[in-house]
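> What follows is a predicted structure for the sequence shown.
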Amino acid sequence: MLDIFTLGDEVLRAENKKVTVFDDALKMLVDAMFDTLVEADGVGLAAPQVGVSERFFIVDLRRGEDSRYVFINPEILETSIEECPYEEGCLSIPGLYHEVIRPQRVKVQAQDLSGKHFTIEADGMLARVIQHENDHLNGILFVDHLDDKERERMEKLFYKRQKKGRKLR
Ligand code: NI
């Protein structure tokens, strides 16, 4: 189980480097991220969330080997004009959710763990999670998509809860 960094931690806003070495260390880190994702009951996790400033993320919508996606050095090639709302959360902003409007479909190119390039077209929940996780690689959190007033309200709420949590310990 890896530590998940949360709102206010600088690593979430840092610049992330492209992955150039596809070795066993990367595979082990990705495995640990999948374990962490299951443990945290999430659907996606990006490297900067576990303190690694590199451009990759994982997705697992259904909990199983066949539903696991690894996107390394992803590029979103196309997004649909059609948009849809969804109540988003983030393991780096635990306990808070807000509706975010994003394109319904995306076409994304990335590399897998062996460095091989692939392209997929995603719709619905998969498209949603890909966009959310890809944002993490650019230092963007879902609250950044809200208007200033809503974002500040969410941030205040988060820090207030965090402070309370610390006092309890
Ligand atoms: Ni997130």
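Right, received. Where do you want to start?
> just how off-centre is stretch 121-135 within its chain?
Using C-alpha atoms, centre = their mean, to the nearest Å, the distance from the centre of stretch 121-135 to the centre of the chain it belongs to is 9 Å.
> quick check: mean pLDDT across it?
Within the predicted structure, the mean pLDDT of stretch 121-135 is 97.
> Dump that stretch to CSV, restricted to CA.
Below are the C-alpha coordinates for stretch 121-135, written out as CSV (Å, rounded to 0.1, in the frame of the first residue of the first chain):
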residue,chain,number,x,y,z
GLU,A,121,-11.6,5.2,-28.1
ALA,A,122,-13.4,5.4,-24.8
ASP,A,123,-16.9,6.3,-23.9
GLY,A,124,-18.8,6.9,-20.6
MET,A,125,-17.1,6.0,-17.3
LEU,A,126,-13.8,5.0,-18.9
ALA,A,127,-13.6,8.2,-20.9
ARG,A,128,-14.4,10.1,-17.7
VAL,A,129,-11.7,8.4,-15.6
ILE,A,130,-9.1,8.8,-18.4
GLN,A,131,-9.7,12.5,-18.5
HIS,A,132,-9.6,12.9,-14.7
GLU,A,133,-6.3,10.9,-14.5
ASN,A,134,-4.7,12.6,-17.4
ASP,A,135,-5.4,15.9,-15.7
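> Name the surrounding residues that touch it.
Applying C-beta atoms under 8 Å, 6 or more residues apart in numbering, the set of residues contacting stretch 121-135 from outside is 43-46, 57-59, 61, 69, 71, 74, 76, 79, 86, 88, 90, 100, 102-108, 141-142, 144. Using the backbone N, CA and C atoms, a C-beta is placed for each residue, glycine as well.
> Right, I'll leave it there.
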